[in-house]
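> need a 3D model of the sequence below.
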Amino acid sequence: MNTGKTDCRVSRRVLLTGTAAMLGAAAATMVVPKAAAEQKLSPDSAQYQNAPKGGQRCDGCTNFQAPNACKIVQGDVSPSGWCQYFAPKKS
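Okay, here's the model as predicted:
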């Protein structure tokens with residue numbers, strides 16, 4: 001006898017597999033922006049120069065990584081250099 005009702009039960013395996021797939025997809029989308037953020041700019045793109053601009057120097061910037069690196073600019077940077085992304089360290 002058909003009562004016209006549809007059986008909508010979902011097995012635990014199907015539910016868990018679907019949930020795992022959704023979580024995996026969400027994690028993958030979170031990794032992509034981080035990877036893109038880790039790409040540094042060329043010195044030209046950042047308008048980097050080996051000399052300070054006024055009182056602004058790389059070694060006074062929050063992006064500077066001693067002894068000669070930057071979180072934003074590719075390659076070696078001079079502690080006395082400068083770029084357009086200068087952000088003063090907080091005292």
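> so what's residue 83 up against?
Taking Cβ atoms under 8 Å, 6 or more residues apart in numbering, we find residue 83 in contact with 43, 46-49, 58, 70, 72-73, 77. C-beta coordinates here come from the backbone N, C-alpha and C atoms, glycine included.
> mind picking the two most distant members of those?
Farthest pair in the contacts of residue 83 (Cβ to Cβ) is 49 and 72. Separation: 14.1 Å.
> count of residues packed around residue 71?
If you count neighbours by other Cβ atoms under 10 Å, residue 71 ends up with 14.
> let me fix that: residue 55
Neighbours of residue 55 using other Cβ under 10 Å come to 8.
> phi and psi next, for it.
Main-chain torsions, residue 55, degrees, to the nearest 10: phi -90, psi 10.
> same question for residue 59.
The phi/psi pair for residue 59 (degrees, to the nearest 10) is phi -70, psi -10.
> quick check: closest non-adjacent residue to it.
Nearest non-adjacent residue to residue 59, counting by Cβ to Cβ, 6 or more residues apart in numbering: residue 79, 3.9 Å away.
> where along the chain do the helices fall?
Here the chain has its helices, by DSSP state H, at 12-37.
> how is it divided into domains?
8-39, 40-91 (automatic domain parsing).
> is residue 71 in contact with residue 63, as I believe?
Yes: in terms of Cβ atoms under 8 Å, residue 71 counts as a neighbour of residue 63; the distance is 4.3 Å.
> against residue 76, how distant is the residue nearest to residue 75 when sequence neighbours are not counted?
For residue 75, ignoring the flanking residues on the chain, the nearest one in space by Cβ to Cβ, 6+ apart is residue 43 at 6.5 Å. Residue 43 is 10 Å from residue 76, where distance means Cβ to Cβ, to the nearest Å.
> for the two, indicate the residue with more neighbours.
residue 43 (18 against 11).
> enumerate every residue touching the residue nearest to residue 75.
73-75, 77, 83.
> who wins for most neighbours among those residues?
Ranked by neighbours (other Cβ under 10 Å), these are led by residue 77, which has 26 neighbours.
> please name the spatially closest residue to it (chain neighbours excluded).
Nearest to residue 77 is residue 70, by Cβ to Cβ, 6+ apart, at 4.7 Å.
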